[in-house]
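**Student:** Sharing a sequence plus its predicted fold:
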Amino acid sequence: MRKKILIVAGNLSHLDQFVIHDFFEELSKSAFVYIALPEHELVTERWAELSPQIQDSFTQIIGFKYGDPARKAGSQIGEASTFRFRNYSTGYSTRLRNKFLIGLGVRCRWKSRLGLTEIWRNRAEVRRRTIKEMPSVVRGTKICFWLWSRIAVSRILKNCQLPSIIRELHPDAVLILMQRQAGFVVAAIDGASKCGIPSLLLPVKWDNASSKSPLIKTPSRMLVYNKQVGAVCSRLHRMSRNAIVAVGSVEIGIGKSIELDLENRALVLIGSTADSSSSEPWLQVVRKVLASQNSLGSNKLKTIWRPYPTADAKSLAFMNSFLQTQSEIELDPDIQSGVSHRATRIDFAGVSSAYARFCALLESAVVVVSECTSAIVDSRARGVPVIVPAFKKNAVIGSQWYLLNGFEHLQGLRTTSGVFIAQDERELERLMLDFLTNPRRIPPDNSGENIFVDERSYARRVLDVVDEVIAEKSANSS
């Protein structure tokens, strides 16, 4: 008998990659697929554009009431639980230090004399941030969290219609698209649990399950990017390891290493922070290497810099000044025009075309020099080698070295084949010269430990887990 799957999302932008990769269309070939979205999303221009492309994949599109009290409570739970369970994860403690100290030039060893001196020098800003975060700190104390979190969950359930929709529709499984622990996520898991329906949590991006906050409600399954993230999530969310399944990314699908086109190749530089000026140390090393190659007449590739999309005035000023002082590196045209496949303020057609250009850029790369961002796993799944510039000397809170060692989902990069960590300028220079003078692909490790690709489509991987939980429920009830 054909199964009935309810998909829950809290934001239309969360659907973009699933639509681009025909995820819903493939699901609909073997199941009756329903989707629940906040009512206010269904009256937007974005929905008017997107709905004709996906409505044939769904048996029914359901709008649910999602009030501001539920949204606010969900956000507060996420922030408070990060404080409450900060000792569960270096990633959580890293996030907390970022809140108070990022961007202030404080050394990674912030308790050292140099670190404390920098904190004192920036004491006014630290005080301002502390005051801002104080409500979350108080809610996250052991004595408050137990009672307050229950009140917050009650507020969510009172102001989110999802539990009643799940009860009335009574699907075989509920699939929840999650970016972070939000009110609708809490309501969907709770509603499914009370009806005895399996719930599957599907993080939208590779790091969403392990870098945000611990779950306050436990789904039947959590579908994660790889086995390394799965092991981290098992501890963070206090879930059985068997309940966390690696399925890869919707953006990868069936893994295929892309052949290197020697006639149309590029050096691709990727930034990950809103302050693009923090990339200057390694960008200057790249310039030095390119100048050396140019003097030998051996550099025949374009060098494209793709900093993190931002409207930050300081970051934009650095981009402009950097580009004016050199000619070796070009700014990615999409970044220059404020377009990105991650953007929520452009229409779906713009997102789709920007994503196609981003993929083409990665596939043209001889090597990608990338800060700690998902471009690393996107590149490696295509067989493109990646160099991560994470300079150790004088590293500060918020630096790539700090992030690489603080967030657990990034620590797996050290053991990912084809990913090379440059801990200083000399190592970055050596690695770049190696790949520029001897360009090659490095096939991804398909074990699923760090890069997950196999012969199945992404939708098939998800459906296999759905079939598993439905069979498990049937066996338990018989």
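**Tutor:** Looks like it came in fine.

**Student:** alpha carbons only for contacts and neighbour counts from here, please
**Tutor:** Will do.

**Student:** for stretch 90-99, what is the average pLDDT?
**Tutor:** Average pLDDT, stretch 90-99: 84.

**Student:** Quick one: neighbours of Met239, just the number.
**Tutor:** The tally of other residues near Met239 (other CA atoms under 10 Å) stands at 19.

**Student:** ok, and what's touching the longest strand anywhere in the chain?
**Tutor:** Secondary structure assigned by DSSP state E gives strand 31-38 as the longest strand of the chain. Identification of contacts with strand 31-38 by CA atoms under 8 Å, 6 or more residues apart in numbering yields 2-12, 24, 27, 57-66.

**Student:** out of the residues you listed, which are buried?
**Tutor:** Buried members of the contacts of strand 31-38, scored by 16 or more other CA atoms under 10 Å, are 4-12, 24, 27, 57-59, 61-64, 66.

**Student:** returning to what we had before: list the helices and strands whichever helix or strand comes after the longest strand of the chain packs on?
**Tutor:** As assigned by DSSP states H and E, the chain's next helix or strand after strand 31-38 is helix 45-54. When contacts are defined as 3 or more CA pairs under 8 Å, 6 or more residues apart in numbering; DSSP states H and E, helix 45-54 sits against helix 348-363.

**Student:** Specify the angle between the helix it packs on and helix 45-54 in degrees.
**Tutor:** Interaxial angle, helix 348-363 versus helix 45-54 (axes from the mean of the first three to the mean of the last three CA atoms, to 10 degrees): 70 degrees.

**Student:** can you tell me how far Ser199 sits from Leu96?
**Tutor:** When distance is defined by CA to CA, to the nearest Å, Ser199 is 30 Å away from Leu96.

**Student:** Which of these two has more residues huddled nearby?
**Tutor:** Shown here are Ser199 and Leu96; by other CA under 10 Å, Ser199 has more neighbours (26 against 17).

**Student:** Now for the nearest residue to that one once chain neighbours are set aside, how many residues are close by?
**Tutor:** Nearest residue to Ser199, sequence neighbours excluded (CA to CA, 6 or more residues apart in numbering): Val174, at 4.7 Å. When neighbours are counted by other CA under 10 Å, Val174 registers 28.

**Student:** So Val174: helix, strand or coil?
**Tutor:** Following DSSP: H, G, I helix; E, B strand; the rest coil, we place Val174 in the strand state.

**Student:** list the contacts for it?
**Tutor:** Applying CA under 8 Å, 6+ apart, we find Val174 in contact with Ile5, Leu6, Ile7, Val8, Ala188, Ala192, Ile197, Pro198, Ser199, Leu200.

**Student:** Likewise for Val268?
**Tutor:** Contacts of Val268 by CA under 8 Å, 6+ apart are Thr303, Ile304, Trp305, Arg306, Leu361, Leu362, Ala365, Val366, Val367, Val368, Val369.

**Student:** try 6 Å
**Tutor:** For Val268, the contacting residues are Thr303, Ile304, Ala365, Val368, by CA atoms under 6 Å, 6 or more residues apart in numbering.

**Student:** From Leu436, how far off is the closest residue to the third one other than its chain neighbours?
**Tutor:** Just to be clear, that refers to Ala365. Nearest residue to Ala365 in three dimensions, chain neighbours excluded: Ala266, at 4.6 Å (CA to CA, 6+ apart). The spacing between Ala266 and Leu436, counted by CA to CA, is 10 Å.

**Student:** can you check Lys132 too?
**Tutor:** Between Lys132 and Leu436 the distance is 47 Å, computed by CA to CA.

**Student:** Compare neighbour counts for the two and give me the winner.
**Tutor:** Leu436 (20 against 13).

**Student:** Would you mind getting the angle between the lengthiest helix in the chain and strand 31-38?
**Tutor:** The single longest helix within the chain, with elements called by DSSP state H, is helix 458-477. Orientation of helix 458-477 against strand 31-38 (the same axes, to 10 degrees) gives an angle of 100 degrees.

**Student:** model confidence over helix 458-477, on average?
**Tutor:** The pLDDT scores in helix 458-477 average 90.

**Student:** would you put the C-alpha positions of that helix in PDB?
**Tutor:** The C-alpha atoms that make up helix 458-477 are tabulated as PDB, following Å, rounded to 0.1, in the frame of the first residue of the first chain:
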ATOM      1  CA  TYR A 458      19.200  11.400  -2.100                       C
ATOM      2  CA  ALA A 459      15.400  10.900  -2.200                       C
ATOM      3  CA  ARG A 460      15.900   7.200  -2.300                       C
ATOM      4  CA  ARG A 461      18.200   7.300   0.700                       C
ATOM      5  CA  VAL A 462      15.500   9.200   2.700                       C
ATOM      6  CA  LEU A 463      12.700   6.900   1.500                       C
ATOM      7  CA  ASP A 464      14.700   3.900   2.700                       C
ATOM      8  CA  VAL A 465      14.800   5.400   6.200                       C
ATOM      9  CA  VAL A 466      11.100   6.200   6.000                       C
ATOM     10  CA  ASP A 467      10.300   2.600   5.100                       C
ATOM     11  CA  GLU A 468      12.500   1.400   8.000                       C
ATOM     12  CA  VAL A 469      10.600   3.500  10.600                       C
ATOM     13  CA  ILE A 470       7.200   2.500   9.200                       C
ATOM     14  CA  ALA A 471       8.200  -1.200   9.300                       C
ATOM     15  CA  GLU A 472       9.500  -0.700  12.800                       C
ATOM     16  CA  LYS A 473       6.300   0.800  14.000                       C
ATOM     17  CA  SER A 474       4.300  -2.000  12.400                       C
ATOM     18  CA  ALA A 475       6.500  -4.700  14.000                       C
ATOM     19  CA  ASN A 476       6.100  -3.000  17.400                       C
ATOM     20  CA  SER A 477       2.300  -2.800  17.200                       C
END
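
**Student:** could we number from 59 for the rest of this?
**Tutor:** Got it, first residue is 59 now, which makes that one helix 516-535.

**Student:** If we go by neighbour counts, what in it is buried?
**Tutor:** Tyr516, Ala517, Arg518, Arg519, Val520, Leu521, Val523, Val524, Val527, Ile528.
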